[in-house]
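1. just to be clear, the model below is a prediction. Sequence and coordinates:
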Amino acid sequence: MNGFKAVIKPTPALRGDIQALSSKNYTTRYLLIGALAEGTSTIHYPAHSEDSDAMRRCIRDLGATLTEDDTKLVIRGFGASPARVKELDVGNAGAVLRFLMSVAALCPDEVTFVNRYPESLGKRPHHDLIDSLRQMGVEVADRDGRLPITIRGGKPRGGRITVSGNVSSQFLSSLLFMTPLLEEDSEITVLHDLKSKVIVGQTLEVLEQAGIRVEAAENYMHFRVPGRQRYQAKDYIVQGDYPGSAAILAAAAVTSSDVTVRRLAEKSRQGERAVVDVLKAMGVPLTHTNDTVHVTGNGKLRGGEFDGDHFTDGVLAMVAASVFAEGTTRFYNVENLRYKECDRITDFVHELNKAGANVEERQSEIIVHGKPEGVKGGVEINAHYDHRVIMALSVVGLRSEQGLIINDAHHVAKSYPGFFRHMLDLGAQIELI
């Protein structure tokens, strides 16, 4: 079913045991470092989503060879010499676009990233990375920092590079993937603030696994990257995904539940691991042992204050849970949510209030005045082409009096194609039409 609406009906209880989907963030990074290696790498349990499939498609176009079965993907990389390609289609995958903009600078000819989602990724700004690439002698043609973007490949130079971290950490990660392959050593200085530092930690973790040396300041604001390095071909195991599982855990928290989610590593470097601690702080009965989260929800939550920059891709699910909490819940330091597939503050708050919630926004905050009795619902909701909005609104629909209809719900496949199947397996009353 290519396009569908999701009718979320009131569901008092959830029961069941599921395996967390594989991490989208780690899969895209492992695919990239496999492509940048000169040899054969194997990725075990890779994620399948629109984002990770976009990375598969693009690295094939750039010269990587991929073979895949049910549990593993074998990739033969192109190293520092990607093939000639005129266009790359990243779909609606912002991270894939940003990572590959730097890789495209290594191509022998110009590469154009096309604009297939003008109302979503096409609106997102990429000035910060474009500025950094221009410092390296790369020619870039763009439309005020937005797609379509043409990178005129050649020989990017290392040296002293600055990059802004105000909008996204993905710009920094992009440079960290590319600069080890340059002839010169590089020094990267981050300007202003750096959003989602935990996700930079994931990038550094993956680089280290591939044998790449990067010297990082403790605060991640300065990096030294030796040039003339080579990615090693390795075996990688993809861990379970906390950002997607956040919505499942939130759904269990707001209902009467007995829900188990497996493959969620206790010592994971995914920032969204913090959603487990957020739910605990909100009084949700749960345990996290042996890489398994077990929620025995009673629908009772209490409000609190949380720094959302630590778990960016889990914030919307936690906001959805807090809609039903006693008191007021405040998520602060979340301005970077405005620069995602949609404005995840203004757009999301508007849809929540339409459903009957009581939520306010500030420039970098979401403030939820809880309604433990539930919300009315009975309306159609605009998904804004955003997978995280779809999952979070599904949680709200479970505790609504009249249910919710989520339009364009098929966009959940961007990160979690099996989301509605997992929800149905747990007993959620959902109809896809």
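-> Looks like it came in fine.
2. now the longest strand seen in the chain: buried residues?
-> For the chain, the longest strand by residue count, based on DSSP state E, is strand 186-194. By neighbour count on 16 or more other Cβ atoms under 10 Å, the buried set for strand 186-194 is 186, 188, 190, 194. Where C-beta positions appear, they are placed from N, C-alpha and C, glycine not excepted.
3. same question for stretch 256-272.
-> By neighbour count on 16+ other Cβ under 10 Å, the buried set for stretch 256-272 is 257, 259-261, 263-264, 268, 270-272.
4. again with stretch 353-371
-> Result for stretch 353-371 [16+ other Cβ under 10 Å]: buried residues 354-357, 359, 361, 364-368, 370-371.
5. sorry, back to before: farthest pair in the buried residues of stretch 256-272?
-> Across the buried residues of stretch 256-272, the longest distance by Cβ to Cβ is 24.6 Å; it joins Ser257 and Gly271.
6. just the endpoints, please. Distance across stretch 291-302?
-> Start-to-end span of stretch 291-302 (Cα to Cα, to the nearest Å) is 26 Å.
7. mind jotting down where the helices sit in the stretch 51-200 of the chain?
-> For the stretch 51-200 of the chain, the helices defined by DSSP state H, counting those that start in this stretch occupy 94-104, 127-135, 170-178, 197-209.
8. tabulate those (a markdown table), appending mean neighbour count and mean pLDDT.
-> Shown next, in a markdown table, are the helices of the stretch 51-200 of the chain (neighbours: other Cβ atoms under 10 Å; pLDDT from 0 to 100):
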| stretch | mean neighbour count | mean pLDDT |
| --- | --- | --- |
| helix 94-104 | 26 | 98 |
| helix 127-135 | 19 | 97 |
| helix 170-178 | 26 | 98 |
| helix 197-209 | 18 | 95 |
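9. and these as TSV, adding distance to Val293?
-> As requested, the helices of the stretch 51-200 of the chain are exported to TSV (distance: least, Cβ to Cβ, whole Å):
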stretch	distance to Val293
helix 94-104	25
helix 127-135	35
helix 170-178	27
helix 197-209	19
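10. so which of those helices gets nearest Leu14?
-> helix 197-209 (28.5 Å).
11. before we move on, the earlier item: flag whichever of the buried residues of strand 186-194 scores worst on pLDDT.
-> Note: of those, the lowest pLDDT belongs to Leu194, at 91.
12. the closest residue to that residue other than its chain neighbours and Pro243, how far apart?
-> Computed as Cβ to Cβ, 6 or more residues apart in numbering, the closest residue to Leu194 that is not its neighbour in sequence is Gly165, at 3.3 Å. Distance, Gly165 to Pro243, by Cβ to Cβ, to the nearest Å: 20 Å.
13. which of those two has more residues huddled nearby?
-> More neighbours surround Pro243 than the other of Gly165 and Pro243, with 27 against 22 (other Cβ atoms under 10 Å).
14. which residues touch the closest residue to Glu183 other than its chain neighbours?
-> Closest residue to Glu183 apart from its sequence neighbours, by Cβ to Cβ, 6+ apart: Gly227 at 5.5 Å. For Gly227, the contact set (Cβ atoms under 8 Å, 6 or more residues apart in numbering) comprises 158, 179-186.
15. repeat that with 7 Å
-> Listed by Cβ atoms under 7 Å, 6 or more residues apart in numbering, the contact set of Gly227 reads 158, 180, 182-186.
16. quick one: buried ones out of the residues you listed?
-> Buried among those (16+ other Cβ under 10 Å): 158, 180, 182, 186.
17. out of those, which sit inside strands?
-> Using DSSP E, the members of these that fall within strands are Ser186.
18. can I get the buried ones among the contacts of Gly227 in TSV including distance to Thr40?
-> Shown next, in TSV, are the buried ones among the contacts of Gly227 (distance: Cβ to Cβ, whole Å):
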residue	distance to Thr40
Gly158	28
Pro180	20
Leu182	24
Ser186	28
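19. please identify which pair of the buried ones among the contacts of Gly227 lies farthest apart.
-> For the buried ones among the contacts of Gly227, the farthest-apart pair by Cβ to Cβ is Gly158 and Pro180; their separation is 9.4 Å.
20. okay, now the unreliable bits of the stretch 1-150 of the chain?
-> For the stretch 1-150 of the chain, the stretches with pLDDT under 70 are 1-2.
21. give me the sheet partners of the longest strand of the chain and which way each runs.
-> strand 159-165 (parallel), strand 222-225 (antiparallel) (DSSP bridges).
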